[in-house]
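1. Build the 3D model from these lines:
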Amino acid sequence: MSNSSCLAALLAAAALGLATPAIAAREPAPPSRAQAAPTELDRFLAHLSTLDVRFRQTLVDAHGAEISRSSGTLIVERPGRFRWDVHPLAGKAGGAAGAGQLMVGDGRNVWFYDRDLQQVTVRPVSAALSATPAMLLSGTVDVRQHFKERPAGRREGLDWVFVEPRDPSGADFRDALFGFEHGTLERMILEDTLGQVATVVFQHVEVNVPVAAKLLTFSPPPGVDVIGTPAR
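-> Residues are numbered from 1 along each chain as shown. A predicted model of the protein is given here:
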C-alpha cells in the first residue's frame, strides 16, 4: 500500500505538542458512568446536518519521522453520506499532481478510488468497515454503539475527546483524538495499527450549509478496475 493509501485508510477514510493517541490509550479508563456522559463530540454531532471543510494532513511513522503531507476536503451530509478527498502535496514528503484517494459514501455503498492504482473498490454500507472517522461523522454508524469516548482535557487551546473502536478487528484505526474550539471540530489525530499517526487540521469549516448532491455520488471513471459489487 502506498503512503497516500495509508492516509486514506486512516480516515475512511492526521505532531502536536500533546500526548499521542497511543499514550492516551494506555491511560486507565474512567468509570462507565463517566463514559456515558455527553462529550464535545456528542454535542457536535447532535446538531450537525452537513459539514464542509478543507484540511491539511501530516502522516508520521511510529518513530515520529514524517512520511507524507496532503491536503483535501471532507463533506458530510447526515445521515450516511460523505466525501473524503485526499491529494498529496508536492515536495519531498508529497506526491504527484492528480494522485491521491477519494472515498464516497452515497448512503448505500462506500466507494474507494485510488487514483495512483487506477482502481475502485466498492462495498455495501452494511459490509464496509464500520469504525472509520468519516462514517462516524456522517452518522452512518451509531457512535456510542461502535466507539468508546472520554474527555481528554484541554491542550493547545482545544478541548479534546479520546475515541477508540469497541471492536478493533473491524476498525481502520486504533484510536483517535478529536479537538474542538468553541464546539467546532478543528483537529483529528488518528493512530493506525502500525503506530503511524495522522494529524488532520481543519480549515474553512462550514457547518449546516447546503452541499451539492453530485459530490455525494460516485461513478467509476472509464477504464479503471472495479473490485466488488455495489448494492442497488
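
2. Could I get the average pLDDT for stretch 143-163?
-> When pLDDT is averaged over stretch 143-163, the result is 92.

3. wait, what's in contact with Val53?
-> Applying CB atoms under 8 Å, 6 or more residues apart in numbering, we find Val53 in contact with 73-75, 202-206. From N, CA and C alone the C-beta is placed, and that goes for glycine too.

4. Of those residues, grab the buried ones for PyMOL.
-> Buried residues within these, as defined by 16 or more other CB atoms under 10 Å, are selected in PyMOL through the command that follows:
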select buried, resi 73+74+75+202
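
5. With respect to Pro168, which of the contacts of Val53 is nearest?
-> Leu74 (23.8 Å; CB to CB).

6. if we can go back for a sec, which ones among the contacts of Val53 are found in strands?
-> 73-75, 202-206 (DSSP state E).

7. ok, which pair from those residues is furthest apart?
-> Of all pairs drawn from the ones in strands among the contacts of Val53, the one with the longest distance (CB to CB) is Ile75 and Gln203, at 14.0 Å.

8. rewinding a little: now render the contacts of Val53 as a markdown table, adding pLDDT.
-> Supplementary listing: these in a markdown table, determined by pLDDT from 0 to 100:
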| residue | pLDDT |
| --- | --- |
| Thr73 | 94 |
| Leu74 | 94 |
| Ile75 | 95 |
| Phe202 | 95 |
| Gln203 | 91 |
| His204 | 90 |
| Val205 | 93 |
| Glu206 | 95 |
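
9. Do a quick rundown of the helices in the protein.
-> Counting by DSSP state H, residue ranges of the helices within the chain are 3-11, 21-25, 32-36, 40-46, 133-138, 143-146.

10. worst average pLDDT in those?
-> Mean pLDDT across the helices of the chain is lowest at helix 21-25; the value there is a mean of 36.

11. start to end distance for stretch 178-198?
-> End-to-end distance for stretch 178-198: 12 Å, by CA to CA, to the nearest Å.
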